[in-house]
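Student: build me a model from this:
(one chain, ligands or ions: 3)
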Amino acid sequence: MNRNDMQNKPIVCWSIAGSDSGGGAGIQADLLTFADFGCHGCTAITANTAQNTTGVAAINRVSLEALRSQLQALQRDLFPAAIKIGLLANREQVIAVAQFLRELFRVAKVPVIYDPVAVASSGAALAESSSGEAALDALFPLCELITPNLHELESLARAPVAGAEQIVAAAQQLQQSGDTAVLVTGGHGELVEGEIADLLWDGERSDWFVGDKIASENTHGTGCTLSSAIAACRALGYPLRDACVVAKAYVQRGLRLGDTDAIGSGAGPLGHCGWPGDLQDFPQVLVPGDVRGRSYGQAGNIDTFARGFAPVDACALGLYPVVDSVEWLEKLAELGVRTLQLRIKNPGDDLKSLIQQAVEIGERYNLRLFINDHWQLAIECGAYGVHLGQEDLQTADLKAIKRAGLRLGISTHGFYELLRAHRYRPSYLALGAIYATDTKDMSDQLQGVEKLAHMAALLPDYPLVAIGGINLKRAPAVVAAGVGSVAVVSAVTKAENYREAVRAFRALLPGG
Ligand SMILES: Cc1ncc(COP(=O)(O)OP(=O)(O)O)c(N)n1
Ligand SMILES: Cc1nc(C(=O)O)sc1CCOP(=O)(O)O
Ligand SMILES: [Mg+2]
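Tutor: Numbering: from 1, shown residues only. Ligands and ions are numbered 1, 2, ... in the order given. Got it, this is the predicted structure:
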C-alpha cells in the first residue's frame, strides 16, 4: 500500500460511480484499479446496475439522500487524495455531487477525474440525457480532467468528430465551455489502421498518445479503468500528463494480458494485471516534425526533425559531473572521469573559445564530453555530444546534430517527457530531478527514487542518467533504482575535497 509522505497514511482514492453487478466496469473496476496502484479505494454508489457480460438489465439509481450520506461518511474519516467520478444517473445527482465537491474543496482541493459515462459498452443508455447538460455547467468546472470517448465528445460538444482535426476542435470547444482539461479516448475509432490514439487538450497544448490496437473482445470497463487509473496516479502525486500515459499503459496491459475469456458468455471484463512495467504497453507520444504525427494533423518542422543518434560506447556512463568551466573539465579528466558536461549558463564573448578548449581536452583525455545548450557551437567545434532540454528540442536543428555525428542527451522529468524524448532515440536519456537541489529550481518536477525505478524499468538496456540533488549518501539508492550513471553538479564542485568525492562516487557506480 502506498503511503502519504507526510502522515505515513495509506493513500485514499474515491470512486463516485455505478455498481456493475457483473464485476467488469463501474465501481468494481475502479476498486481493482486503485488496489493495483497501491491506493485504498472508497466508493459512493450512484446506481446499482443489474448487468452481466451480455448487457444491462436495469439501472436502479440510488436516492440523493443515499448518495449524500455515503459522501459525507467518507469525508468525515477517509479524505481523498483524488476522486474519480463515473456514472451520474440524472441531473439531480450531477448537481448534488457538484455541490458536495464545492464544500469538500473548502477543506482541500483534490484532483477530480470525470468519465462522463452516458451509454454502456453494450449500447444501453445509463444516464438520463439531461445529466450531460447539467454536468457541463455545474460539474466540469470542478474537474481537473474529463475523459469522454468519441461518442460522448460528439454529444457533449455538439460537434462532429470525424477525423483528427474535428476531434481536436471539439475537444478545444469542450475544454473552453467546461473549463477543464479533456482526454478524448479513441477506443471507438481508428484514425490510423491498427492504432488507438487518445488526445489530451489542457487548454494550452495538445498531445496524441498512440497505442497499438489489441484484438481483444474483453474490453468491458476500459473507460472506467482508465479514469480510475488516472485518479490513482494523481493521488500518487504524478502530474496530469504522467498520469494519463501510465493509465493508458495500465489499460493496454490489461488488454494484452487479461485472461477473462471464460468470464460470462458475452464480452469479458478488461484484465487488471498490476503495475505497467513494460514499455510495449506505453503509448507513443508524438513529437513535432515526426512523420507519424501527420496522420493526426500534428504540425512540426520536418526539416529539423531527426531520430536515432550516434550511440555512446557504454550503457553505463558512470559518474557524470556537470561543470561550468574548462578548468573543472581538466581537473576531473586528470582523475580519470570519462563522462563530463560543460554547462555555461551566462556566456560571454569567449564562449566559442571555451567550447573549443573543452573539445580539445575531451580529445586529449578520450572523454565523452557533452556541451549543454550551445548545439551550433558544439557542431562547429566538433564536440563529442550535446545535451538538450525538452524546450530546446522545439528549436534545435536535430537533423544537423545527427548529420554531424554528435551524440545527443535529452533531459526528462517524468513518464510523459521520457516517452516523448524516447521518440527521438537519443544517445542517452537523463531523468530528473530525483531530489530537491539548490543548483536549479526543480521544485515542481521532483521524481524520487521509487518513480525513478518505475521509469528505469521501462528502458533496461538504454543508457540512463539520473540527475538532481544526488550526493554520496543518496547515490546507492539511485543506482539501485536501475540507472547506469549519476550526473552531479554540487556534490563534486562544492565538495570539501573533490578528489575524494570522485573516488567515492566511482566506487559506488557501475563501471567503477
Ligand atoms: C545530464 C543532464 N541532465 C539534465 C540536465 C538539464 O538540462 P536542461 O534541461 O537543458 O537544463 P539546463 O542544464 O540547461 O539548465 C543536464 N544539464 N544534464
Ligand atoms: C542542471 C540540472 N538539471 C536537472 C534536471 O532535473 O533536469 S537537476 C539539475 C541540477 C543538478 O545539480 P545538483 O547535482 O547540484 O543537484
Ligand atoms: Mg540546457
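Student: can I get stretch 241-256 in CSV, CA atoms only?
Tutor: Output of stretch 241-256 as CSV, limited to C-alpha atoms (Å, rounded to 0.1, in the frame of the first residue of the first chain):
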residue,chain,number,x,y,z
ARG,A,241,0.4,14.0,-18.4
ASP,A,242,2.3,11.3,-16.5
ALA,A,243,-0.9,10.1,-15.0
CYS,A,244,-2.5,9.8,-18.5
VAL,A,245,0.3,7.8,-20.1
VAL,A,246,0.7,5.5,-17.1
ALA,A,247,-3.1,4.9,-17.0
LYS,A,248,-3.2,4.2,-20.8
ALA,A,249,-0.3,1.7,-20.3
TYR,A,250,-2.3,0.0,-17.5
VAL,A,251,-5.3,-0.4,-19.7
GLN,A,252,-3.1,-1.7,-22.6
ARG,A,253,-1.5,-4.2,-20.2
GLY,A,254,-5.0,-5.4,-19.2
LEU,A,255,-6.0,-5.9,-22.8
ARG,A,256,-2.8,-7.7,-23.6
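Student: average model confidence for that stretch?
Tutor: Mean pLDDT, stretch 241-256: 97.
Student: so how far is it off the chain centroid?
Tutor: A distance of 9 Å separates the C-alpha centroid of stretch 241-256 from that of its chain, computed with Cα atoms, centre = their mean, to the nearest Å.
Student: spatially central, which residue of this protein would that be?
Tutor: In the chain, the C-alpha nearest the mean C-alpha coordinate belongs to Asp242, at 1.6 Å (Cα atoms, centre = their mean).
Student: so it is in which element?
Tutor: Secondary-structure assignment from DSSP states H and E places Asp242 in helix 240-257.
Student: tell me the helices and strands packed up against the host helix or strand of Gly409.
Tutor: Element membership for Gly409, per DSSP H and E: strand 407-412. Helices and strands in packing contact with strand 407-412 are listed as strand 368-372, strand 385-388, helix 398-403, helix 415-422, strand 428-431; criterion 3 or more Cβ pairs under 8 Å, 6 or more residues apart in numbering; DSSP states H and E. Yep, even glycine has a C-beta here, placed from its N, CA and C like the rest.
Student: tell me how many other residues crowd the residue of the stretch 351-500 of the chain found nearest ligand 2.
Tutor: Minimum separation of the stretch 351-500 of the chain from ligand 2 (Cβ to the nearest ligand atom) falls at Gly432, amounting to 2.3 Å. Taking other Cβ atoms under 10 Å as the criterion, the count of residues near Gly432 is 24.
Student: does stretch 374-382 come close to ligand 1?
Tutor: No - in terms of Cβ under 6 Å from any ligand atom, no part of stretch 374-382 sits within range of ligand 1; the closest distance is 10.0 Å.
Student: helix, strand or coil for Tyr320?
Tutor: strand (DSSP: H, G, I helix; E, B strand; the rest coil).
Student: tell me the contacts of the residue in the stretch 251-400 of the chain that ligand 1 sits nearest to?
Tutor: With Cβ to the nearest ligand atom, the shortest gap between the stretch 251-400 of the chain and ligand 1 falls at Gly389, namely 2.7 Å. Shown in contact with Gly389 (Cβ atoms under 8 Å, 6 or more residues apart in numbering): Asp373, Ile410, Ser411.
Student: neighbours around the nearest residue to Gly223 once chain neighbours are set aside, how many?
Tutor: Among residues not flanking Gly223 along the chain, Asp115 sits closest, at 5.4 Å (Cβ to Cβ, 6 or more residues apart in numbering). Other residues lying near Asp115 total 26 when counted by other Cβ under 10 Å.
Student: repeat that for Ala66.
Tutor: Using other Cβ under 10 Å, Ala66 has 12 neighbouring residues.
Student: tell me the buried residues in the helix or strand that it is a member of?
Tutor: Ala66 belongs to helix 64-77 when assigned by DSSP H and E. Taking 16 or more other Cβ atoms under 10 Å as the basis for neighbour counts, the residues of helix 64-77 that come out buried are Leu67, Arg68, Gln70, Leu71, Leu74.
Student: close enough to count as contact, the third one and Thr46?
Tutor: This means Gln70. No - between Gln70 and Thr46 there is no contact under Cβ atoms under 8 Å: 9.2 Å.
Student: quick revisit: show me the contacts for the residue nearest to the centre of the chain.
Tutor: Applying Cβ under 8 Å, 6+ apart to Asp242 gives the contacts Cys233, Gly414, Phe415, Tyr416.
Student: helix or strand: which one has the spatially closest residue to Ala66 that is not a sequence neighbour?
Tutor: The spatial neighbour of Ala66 that comes closest, neighbours along the chain excluded (Cβ to Cβ, 6+ apart), is Ile45 at 8.0 Å. Counting by DSSP H and E, the element that carries Ile45 is strand 40-52.
Student: so what does that strand touch, helix or strand wise?
Tutor: Counting by 3+ Cβ pairs under 8 Å, 6+ apart, the packing neighbours recorded for strand 40-52 are strand 12-20, helix 26-36, strand 55-58, helix 64-77.
Student: close to ligand 3: what parts of this protein are there?
Tutor: Counting by Cβ under 5 Å from the ion, the positions of the chain adjacent to ligand 3 are Asn372, Asp373, Gly389.
Student: ok, now which ones touch the second one?
Tutor: Shown in contact with Asp373 (Cβ under 8 Å, 6+ apart): Arg343, Ile344, Lys345, Val386, His387, Leu388, Gly389, Asp392.
Student: burial of the fifth one, as a residue count?
Tutor: Spelled out, it's His387. Using other Cβ under 10 Å, His387 has 27 neighbouring residues.
Student: wait, Ser177 sits on Asp137?
Tutor: No - taking contact to mean Cβ under 8 Å, the distance of 9.0 Å between Ser177 and Asp137 leaves them out of contact.
Student: relative to Pro426, which of the helices and strands packed on strand 40-52 is closest?
Tutor: Among these, the nearest to Pro426 by Cβ to Cβ is helix 26-36 (31.3 Å).
Student: next, the buried residues of that closest one.
Tutor: Gly26, Ile27, Gln28, Ala29, Asp30, Leu31, Leu32, Thr33, Phe34, Ala35, Asp36.
Student: quick one, phi/psi of the closest residue to ligand 2 within the stretch 101-250 of the chain?
Tutor: Among the residues of the stretch 101-250 of the chain, Pro239 lies closest to ligand 2, at 14.0 Å counting by Cβ to the nearest ligand atom. Main-chain dihedrals, Pro239, degrees, to the nearest 10: phi -60, psi 160.
Student: just to revisit the earlier point, how much space is there between the residue nearest to Gly223 and Thr54?
Tutor: Relative to Thr54, Asp115 is positioned 22 Å away (Cβ to Cβ, to the nearest Å).
Student: host element of the residue located most distally from the centre of the chain?
Tutor: Here the chain has its C-alpha centre computed as a mean, and the residue farthest from that point, by Cα atoms, centre = their mean, is Arg364 with 41.1 Å. Under the criterion of DSSP H and E, Arg364 resides in helix 351-365.
Student: quick one: distance of that helix to the chain centre.
Tutor: Taking Cα atoms, centre = their mean, one finds the center of helix 351-365 at 37 Å from the center of the full chain.
Student: any buried residues in that helix, and which?
Tutor: Along helix 351-365, these residues count as buried under the neighbour rule (16+ other Cβ under 10 Å): Leu354, Ile355, Gln356, Gln357, Ala358, Val359, Ile361, Gly362, Tyr365.
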